[in-house]
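Colleague: Pasting the sequence and the predicted coordinates here, then a few questions.
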Amino acid sequence: QRALLQELKGKSNTTIDGKTIQVYANIGGPSDIGLVQQNDAGGVGLFRSEFVYLNARDYPSEEEQFNAYRLAIETLAPKQVIIRTCDIGADKQVEYMGMEKEENPALGLRAIRICLTRKAFFKTQLRALLRASAYGNLGIMFPMIISMRELRECKELLAECAEELKKQGVKIGKYAVGIMIETPAAVLIADELAEECDFFSIGTNDLTQYTLAIDRQNAALDPFLAKHHPAVLRQIKMTIDAGHRHGTWVGICGELGADLALTETFLRMGVDELSVNPVSVLPLRKIIRGIDLRKEPGAGLTDETEAVSTAPTE
Ligand code: PEP
Ligand code: MG
């Protein structure tokens, strides 16, 4: 790792034929900031804000959240830090929220659905994020979006919070607004969503779960889990194309982004950013710099991925 760092530090992630993409890191909280720096990631593509809820005994205050977000944003500035709003529910439960037990938690009241049901709770986080935006380069990302109505409601609440803070004389910086694409519904309406987003980040963990109808928590289903399933890969391509039709950049922040057998495929699809576990950043950057997209698709591709990557764009 140290030799890789020596070799790659400060270098761009450019293929032999000159295509450059961003390689960002996924983090679970401010304690991972050091890992972003040590691995020379270009930014943070997914800051899972759940830690502020999961580590607490009671609702985290606006101040606590602000401090955590600010620490990451300010330390890493001018690098971009994309913070995903609360994604609890399903497998991530907290006592103090008093959520009802559900028959199908993965299909239940989770993530943005909780936030849009409990608006005061959501607005506390949005205010903390907006205040932190004054200290660096922030992206705000909403998880599990399945409709335009949800996206618009999130953006309205964000605007409402910004208005309230401005009235109080609180400084707010510039920030980008994007969503996770992690349901087939979002992929299928990606053209409409892209018109109202600065960026998309594809959550391949949930997108795979919801596309293949395979519970991501259930290891007994592993024999059925085709990680490179063409249904998932085609949706990634569809999302990238839809984003680009509307000037929206598209990244991948699910596990598949770190799958080196797919790096060339994703580059051919036109992905703009890959956000991966910090330890995967340097190996991924090394692979990108060795790829030549003028050559025939590489040997690492399976039949499935090849069928997707060579399919016509439109
Ligand atoms: C995903 O679903 O791919 C993702 C990145 O989010 P999480 O794994 O936190 O659900
Ligand atoms: Mg997810």
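Modeller: That came through fine. Numbers count the residues shown, from 1 in each chain. Ligands and ions are numbered 1, 2, ... in the order given.
Colleague: three-state assignment of the residue lying closest to residue 96 once chain neighbours are set aside?
Modeller: If you skip the residues right next to it in sequence, residue 96 has residue 58 as its closest partner in space, 5.1 Å away by C-beta to C-beta, 6 or more residues apart in numbering. Backbone N, C-alpha and C define where each C-beta goes, glycine included. Assigned by DSSP: H, G, I helix; E, B strand; the rest coil, the conformation of residue 58 is coil.
Colleague: Please give the number of neighbouring residues around residue 58.
Modeller: 9 (other C-beta atoms under 10 Å).
Colleague: so what pLDDT did it get?
Modeller: What the model reports for residue 58 is a pLDDT of 92.
Colleague: Need phi/psi at it.
Modeller: Note on residue 58: backbone dihedrals following degrees, to the nearest 10 are phi -140, psi 170.
Colleague: which residues in the stretch 101-250 of the chain form strands?
Modeller: Secondary structure of the stretch 101-250 of the chain (DSSP state E, counting those that start in this stretch): strands at 137-142, 175-181, 199-202, 249-252.
Colleague: what does this structure put close to ligand 1?
Modeller: For the chain, the residues in contact with ligand 1 (C-beta under 6 Å from any ligand atom) are 46, 48, 87, 182, 203-206, 253-254.
Colleague: Tell me the most packed of these, by neighbour count.
Modeller: That'd be residue 253 among these, by other C-beta under 10 Å, with 30 neighbours.
Colleague: Quick one: residues contacting that one.
Modeller: Neighbouring residues of residue 253 by C-beta atoms under 8 Å, 6 or more residues apart in numbering: 24, 26, 45-46, 180, 201-203, 275-276.
Colleague: Look up how far residue 278 lies from it.
Modeller: Residue 253 sits 13 Å away from residue 278, going by C-beta to C-beta, to the nearest Å.
Colleague: and for these two, which residues touch both?
Modeller: With contacts taken as C-beta under 8 Å, 6+ apart, residue 253 and residue 278 have residue 26 as neighbours in common.
Colleague: For my notes, confirm residue 274 occurs in a helix.
Modeller: No. Residue 274 is assigned strand when assessed by three-state DSSP, not a helix.
Colleague: wait, it sits on residue 22?
Modeller: Yes. Applying C-beta atoms under 8 Å, one finds residue 274 in contact with residue 22, separated by 7.5 Å.
Colleague: Kindly point out which residues are neighbours of both of those two.
Modeller: Common neighbours of residue 274 and residue 22, counting by C-beta under 8 Å, 6+ apart, are 45, 251.
Colleague: of the two, who's got more company?
Modeller: A direct count of neighbours by other C-beta under 10 Å for residue 274 and residue 22 places residue 274 higher, at 29 against 19.
Colleague: related to what we said a few turns ago, next, format the contacts of residue 253 as JSON lines and append pLDDT and distance to residue 97.
Modeller: Shown next, in JSON lines, are these (pLDDT from 0 to 100; distance: C-beta to C-beta, whole Å):
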{"residue": "24", "pLDDT": "98", "distance to residue 97": "30"}
{"residue": "26", "pLDDT": "98", "distance to residue 97": "24"}
{"residue": "45", "pLDDT": "98", "distance to residue 97": "27"}
{"residue": "46", "pLDDT": "98", "distance to residue 97": "22"}
{"residue": "180", "pLDDT": "98", "distance to residue 97": "21"}
{"residue": "201", "pLDDT": "98", "distance to residue 97": "25"}
{"residue": "202", "pLDDT": "98", "distance to residue 97": "28"}
{"residue": "203", "pLDDT": "98", "distance to residue 97": "22"}
{"residue": "275", "pLDDT": "98", "distance to residue 97": "27"}
{"residue": "276", "pLDDT": "98", "distance to residue 97": "30"}
